[in-house]
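here is my input; please provide its structure:
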Amino acid sequence: LSGLIVCAIIQSSSATVGILQALSITGRLTFVAIYPMLLGIFMGDCIKTAFFCGVNAQADAKRTGLIHVIFNIFQAILIIIAVAAAKELGYLDNIWTAKMNSGAIANVNTILKLGGAIILLPWCNFFERLSRIFIKDDPETLFLNRILNRLDTKLFVSPVLALATVNSVLTEMSAVLNECFEKSMNALLTLKIDKETRKFLSAVENNVDAVTDNVQNYLMRLSSRARESGDSKLINFYENCAAEYERAFDASYEILGYAMEMQERGITFSSSAIKELKVLQEAVTHIISYTQEAFVQRTFTAARYIEPLEQVIDAMTETVDQNHMQRLTSGECANVAGFFFFNALRQIEILSDKCSNIGVFVISYNNSDIARTHHEYLRNLHKYGDLLFDEEYKKHFEYFMPLLEQASPNESANQQRLFDEKINYSHSYSEITF
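Model prediction:
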């Protein structure tokens, strides 16, 4: 016990053994006295390690401290059993009550530690599994480790396999985006943010940055090994999509930041504002799903469904923006709440734009002519339209705009104007050739 307490206080097993060696000059320390002290020193050493590993640390660091504790406990038990057995068999009779000098103490310390380590070495995997039972992996570590393990440079010998791995990673990112946006919007609308939601979104934010960096570095290294033009084209496509997905996640996380600040400051939206945000949430959820489907299929047809909805979302945010200006003017909504509302609208627009960009990258991947002039393609599409664009735009507009009108029944005067501006060209559209 004295060895444990002293070692825990001074936080050094070596220094504690040194103190014990210094005390040996009294000539009163025997083997039977020092070996329990050494056991206490072993335990005191692992206590301070466990403490520092457990303070604000991730799961791996906490498990490191726990394994140290488990190892030393097993080592102490093993030493007690070995010493007791050796005493019973008479092997320690000559030294049991013999006086120990500093050299003898150092030798006993080395023999006990080295002997215990050698015997317990085969049990290391068992200790590691035992630590995982007590300390579970946090979602951030699980996700990140799973992703990084997949991006194996050994696959560079076959660029096709390496690119398939990148595709699976980005597909998983696209699936998480919808959940991330839903949780962020629900937090903004309800201002109820529990620890699990914060932990999940924080983990996603940190992981997305790390995964994007690793994917882009992986693709950069792979590009030098790409032997076919198709591989280089796909590498460029994945690099562009990874960057857009990262920015989409950033926009989603910004919305959570607004929700957290509003919760802390006790700021709330008006009922009309909440209803409008719910309508926008549904529209953005749809465009994220379209984007995920287009990325997974990587087909021209699937990608064409994204842009009409993105234009409707732009019209919706413009309408909601004007509605909220009227609420601010009438005093229905406070200025400070308006600040958060307008910022949330901007992030929703950004997220929608990133989905549109991914859709354009998919279209450009399938059409080399559009790849060279995709800005012109979008301008012509917005100005002249085509049959599918017109039909999809009208379908989404007629579904979402009435919902906004129900949310703010007295504040939708410009909705028909926006609709007419988009639909009038359908009578004399110049259809783009795909």
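
distance check, Gly40 against Glu276.
Going from Gly40 to Glu276 by Cβ to Cβ, to the nearest Å gives 67 Å. (Each C-beta comes from the backbone N, C-alpha and C, glycine too.)

name the residue in the two with the higher neighbour count.
Glu276 (28 against 20; other Cβ atoms under 10 Å).

right, and that one touches Gln322 too?
No: assessed by Cβ atoms under 8 Å, Glu276 is found out of contact with Gln322, at 11.0 Å.

spit out the contact partners of Ser168.
For Ser168, the contact set (Cβ atoms under 8 Å, 6 or more residues apart in numbering) comprises Arg150.

element containing it?
In this assignment (DSSP states H and E), Ser168 forms part of helix 159-190.

list the contacts for Gly359?
Contacts for Gly359 (Cβ under 8 Å, 6+ apart) come out as Tyr290, Thr291, Ala294, Ala303, Arg304, Ile306, Glu307, Glu310.

once you drop chain neighbours, what's closest to it?
Of all residues not flanking Gly359 in the chain, Ile306 sits nearest, at 3.4 Å (Cβ to Cβ, 6 or more residues apart in numbering).

what's near enough to touch the one you found?
Taking Cβ under 8 Å, 6+ apart, we find Ile306 in contact with Ile287, Tyr290, Thr291, Ala294, Cys355, Ser356, Ile358, Gly359.

please tell me how far it sits from Tyr258.
From Ile306 to Tyr258 the distance is 26 Å (Cβ to Cβ).

next one: Leu191
Leu191 is 10 Å from Tyr258, by Cβ to Cβ.

which non-adjacent residue is nearest Ala273?
For Ala273, ignoring the flanking residues on the chain, the nearest one in space by Cβ to Cβ, 6+ apart is Phe341 at 5.7 Å.

typed the wrong thing, it's Asp152
Nearest residue to Asp152 in three dimensions, chain neighbours excluded: Thr165, at 7.3 Å (Cβ to Cβ, 6+ apart).

the one you found touches Thr153, doesn't it?
No: Thr165 lies out of contact with Thr153 (Cβ under 8 Å); the separation is 10.6 Å.

residues in contact with Leu151?
Neighbour list for Leu151: Thr165, Val166, Val169, Asn214, Val215, Tyr218 [criterion: Cβ under 8 Å, 6+ apart].

report the two of the residues you listed separated the most.
Based on Cβ to Cβ, the longest span within these runs between Thr165 and Asn214 and measures 11.5 Å.

and the closest residue in space to Arg265 that isn't next to it in sequence, how many neighbours?
The shortest distance from Arg265 to any residue other than its chain neighbours is 7.7 Å, reached at Val336 (Cβ to Cβ, 6+ apart). Per other Cβ under 10 Å, the neighbour tally for Val336 reads 11.

in what helix or strand does Val336 lie?
Going by DSSP H and E, Val336 is in helix 335-366.

with Ala104 instead?
helix 102-120.

distance of the residue of the chain most remote from its centre from Lys87?
The C-alpha centroid of the chain is most remote from Asn94, which lies 61.6 Å away (Cα atoms, centre = their mean). Remark: distance between Asn94 and Lys87 (Cβ to Cβ) = 11 Å.

if we can go back for a sec, and the pLDDT for the residue nearest to Arg265?
Looking at Val336, its pLDDT stands at 84.

I figured it hits Phe269, correct?
No: contact criterion Cβ under 8 Å: Val336 and Phe269 do not qualify, at 10.9 Å.

Asn323 versus Ser330, what's the distance?
To Asn323, Ser330 is 11 Å away according to Cβ to Cβ.

who has more neighbours, those two?
A direct count of neighbours by other Cβ under 10 Å for Ser330 and Asn323 places Asn323 higher, at 23 against 9.

okay, the angle between the helix or strand hosting Ser232 and helix 335-366?
In this assignment (DSSP H and E), Ser232 forms part of helix 229-265. Put simply, helix 229-265 runs at 170 degrees to helix 335-366, going by axes from the mean of the first three to the mean of the last three Cα atoms, to 10 degrees.

other SSEs contacting the helix or strand following helix 229-265?
Remark: after helix 229-265, the chain's next helix or strand is helix 271-297, criterion DSSP H and E. The elements that helix 271-297 packs onto, with contact taken as 3 or more Cβ pairs under 8 Å, 6 or more residues apart in numbering; DSSP states H and E, are helix 159-190, helix 300-303, helix 306-330, helix 335-366, helix 387-407.

let's see 10 Å
Counting by 3 or more Cβ pairs under 10 Å, 6 or more residues apart in numbering; DSSP states H and E, the packing neighbours recorded for helix 271-297 are helix 159-190, helix 229-265, helix 300-303, helix 306-330, helix 335-366, helix 387-407.

make a markdown table from those and add distance to Pro36 to it.
Formatted as a markdown table, the helices and strands packed on helix 271-297 follow (distance: least, Cβ to Cβ, whole Å):
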| stretch | distance to Pro36 |
| --- | --- |
| helix 159-190 | 54 |
| helix 229-265 | 53 |
| helix 300-303 | 73 |
| helix 306-330 | 72 |
| helix 335-366 | 63 |
| helix 387-407 | 75 |
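
coming back round to it: of the contacts of Ile306 - the most surrounded one?
Neighbour max across the contacts of Ile306 (other Cβ under 10 Å) = Thr291, 32 neighbours.

tell me the contacts of that one?
Applying Cβ atoms under 10 Å, 6 or more residues apart in numbering, we find Thr291 in contact with 174, 177-178, 241, 244-245, 248, 302-303, 305-306, 309-310, 351-352, 354-359, 362.

what does Cys124 give?
Residues near Cys124 by Cβ under 10 Å, 6+ apart: Ile67, Phe71.

again with Met220
Counting by Cβ under 10 Å, 6+ apart, Met220 has contacts Ile235, Glu239.

ok, it to Asn207 distance?
Using Cβ to Cβ, Met220 is found at 20 Å from Asn207.

repeat that for Leu66.
From Leu66 over to Asn207 (counting by Cβ to Cβ), the distance is 24 Å.

cool, and Phe74?
For Phe74, the distance to Asn207 (Cβ to Cβ) stands at 35 Å.

looking at the two, which one has more neighbours?
Shown here are Phe74 and Asn207; by other Cβ under 10 Å, Asn207 has more neighbours (21 against 16).

can you give me the neighbour number for Ile95?
Residues near Ile95, counting by other Cβ under 10 Å, number 14.

how about it, what does it touch?
If you count contacts by Cβ under 10 Å, 6+ apart, Ile95 has them with Thr30, Phe31, Val32, Ala104, Val108.
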